[in-house]
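Asker: Have a look; sequence and predicted model below, questions after that.
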Amino acid sequence: MQRGKFISFEGSEGCGKSTQIKLLVSALEGQGHSVLVTREPGGTVVGEKIRELLQFTPEAENMTDESELLLFAASRAQLVREVIEPALDNGQWVIADRFLDSTTVYQGVGRGLGIETVGAINSFAVGETLPDLTILLDMDAADGHARAVASRGEDQPDRIEDQPLEFFQSVRQGYLDLAQKEPERIVIVDARKTIEEVEQSIRGIFEERF
Ligand code: T5A
């Protein structure tokens, strides 16, 4: 059995990851691939409990940045071993809506915990499981925020979405720095374009890579 491909989507809020993942899944399935989509935090019983704690538990408002980092890592450690590795071994393609780069930039840069510290914890959490390709949907943080607010409607922002604009600006810069360090794995796509144009760019990258 040929091992499946592992692709992650990254970017700050409202950049269009979920929208593009849906389109990509239907294209890949149309080519005969079996595809599994994961989201982070979450994706397992343990991970969904952690998601609730991280995002929607008002009593957890005094959570320290260090605890936040370890909880994201714990959710991912479970997801990798329980879901991602078995699926890849089974020949499935795995599309991850966020993976370890989110922790590097949100906790390492945004929260200021440092990318070396976060890198060590990320490595412990995921072991050898790294994406073959990462699509970074890049756009101005304020525009992404406006999209996210519009699509949220009446729903309240979660604990992280509620951060000030500067937080998301540093997250964006963190992603761009990461892409510069790992140009083979991380490909930047201009997320300001229309949904169809972004989809075409991603298709082009897939045709070239796989
Ligand atoms: N987090 C996560 C950490 O801090 N550390 C970590 O390690 C991890 C894994 C996750 C939160 O946790 C943080 C990051 C996040 O703050 P989430 O609920 O999963 O929270 O939220 P996000 O991943 O940020 O997802 P969003 O729903 O905000 O953004 P998406 O998925 O990127 O955007 P999408 O596709 O839902 O689109 C948003 C809106 O824009 C429109 C869509 O129709 C939708 O209305 N849209 C476009 N409009 C115009 N042009 C385009 N090209 C468009 N593409 C989409």
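Answerer: That came through, no problem. Residues are numbered from 1 along each chain as shown.
Asker: Now for the residue at minimal distance from the centre of the chain: which residues touch it?
Answerer: For the chain, R98 is the residue whose C-alpha lies nearest the centre (CA atoms, centre = their mean; 1.2 Å). By CB atoms under 8 Å, 6 or more residues apart in numbering, R98 lies in contact with S8, F9, E10, K17, R39, E40. Every C-beta, even on glycine, is put in place using the N, C-alpha and C of the backbone.
Asker: redo that, cut-off 10 Å
Answerer: By CB atoms under 10 Å, 6 or more residues apart in numbering, the residues touching R98 are 8-11, 17, 38-42, 72, 76, 106.
Asker: Intersect those with the contacts of the ligand.
Answerer: Filtering these for proximity to the ligand by CB under 6 Å from any ligand atom leaves G11, K17, R39, E40, P41, F72, Y106.
Asker: Is the first one in contact with L136, as I believe?
Answerer: Translated: G11. Yes - when contacts are counted by CB atoms under 10 Å, G11 is listed as touching L136 (5.9 Å).
Asker: interface residues of the protein facing the ligand?
Answerer: Residues of the chain lying close to the ligand (CB under 6 Å from any ligand atom) are 11, 13-19, 39-41, 72, 98, 102-103, 106-107, 147-148, 151, 160-161, 194-195, 198.
Asker: make it 5 Å
Answerer: 13-19, 40, 72, 98, 102-103, 106, 147-148, 151, 160, 195 (CB under 5 Å from any ligand atom).
Asker: Now a ChimeraX select for only the buried ones of those.
Answerer: Typed into ChimeraX, the line below selects the buried ones among the residues of the chain next to the ligand, using 16 or more other CB atoms under 10 Å:
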select :13,14,15,16,17,19,40,72,98,102,103,106,147,148,160
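Asker: Just give me the closest of the ones next to the ligand among the contacts of R98 to T129.
Answerer: E40 (13.0 Å; CB to CB).
Asker: Against A73, how distant is the closest one?
Answerer: Distance, E40 to A73, using CB to CB, to the nearest Å: 10 Å.
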